[in-house]
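In: attaching a predicted model along with its sequence, questions to come.
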Amino acid sequence: MTTDSKIKDLERTLMQEVGLSHMQTRVYLLVNTTGRMDAHKISEMLKISHQEAQSAAESLISLGGFIEYGKSEYEAMHPRFTAVNMYRRECERRNVPFVRNKAVDNIGVVLEESYDNARTK
């Protein structure tokens, strides 16, 4: 499986299973694989407005995917932890039972190496 197809699979799972929007998904994957950054850097790297970047990052805080450092600087928490927790919250919103989801578990597996590498530069 190519890296592009892995990313597409992650994007699909994050949107369909975890309930993230396309913009939240892009921001989540960027910060997970690149490391802590502020909204200006997110907007620059994704070629989106500062407001879109900040709004997506703030929403990811409320969903349990990010934490905020200082003013408008965001960091992803470990993907093995956050993917499942965000999925659990999505199950609650949908009012469906939370059961193990291998596709969601795979998010953390696929992102773990990039996440760790981005934080040990």
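Out: Looks like it came in fine.

In: any idea which helix or strand carries the spatially most central residue of the chain?
Out: Residue closest to the mean C-alpha point of the chain, counted by C-alpha atoms, centre = their mean, is residue 28 at 2.7 Å. Residue 28 belongs to helix 22-34 when assigned by DSSP states H and E.

In: would you give the sheet partners of the following helix or strand past that helix, along with the direction of each?
Out: Counting by DSSP H and E, the next helix or strand C-terminal to helix 22-34 is strand 37-38. Strand 37-38 has these partner strands in its sheet, going by DSSP bridges: strand 73-76 (antiparallel).

In: work out the gap between the strand it pairs with and the centre of the chain.
Out: 10 Å (C-alpha atoms, centre = their mean, to the nearest Å).

In: same question for stretch 51-58.
Out: Centre-to-centre, stretch 51-58 and its host chain are 13 Å apart (C-alpha atoms, centre = their mean).

In: what residues does it touch?
Out: 21, 23-24, 26-27, 31, 39-40, 42-43, 46, 66, 68, 72, 74 (C-beta atoms under 8 Å, 6 or more residues apart in numbering). From N, CA and C alone the C-beta is placed, and that goes for glycine too.

In: what mean pLDDT does it get?
Out: If you average the pLDDT over stretch 51-58, you get 97.

In: same question for that stretch: list its buried residues.
Out: 52-57 (16 or more other C-beta atoms under 10 Å).

In: just the residues you listed: which are in helices?
Out: Using DSSP state H, the members of the buried residues of stretch 51-58 that fall within helices are 52-57.

In: quick one: name whatever helix or strand follows the strand or helix carrying residue 82.
Out: Element membership of residue 82, judged by DSSP H and E, is helix 79-94. Going down the chain from helix 79-94, the next helix or strand is helix 102-118, by DSSP H and E.

In: gap between the residue nearest to residue 35 when sequence neighbours are not counted and residue 78?
Out: Using C-beta to C-beta, 6 or more residues apart in numbering and skipping residues adjacent in sequence, the residue nearest residue 35 is residue 118, 3.9 Å away. From residue 118 over to residue 78 the distance is 12 Å, taken as C-beta to C-beta, to the nearest Å.
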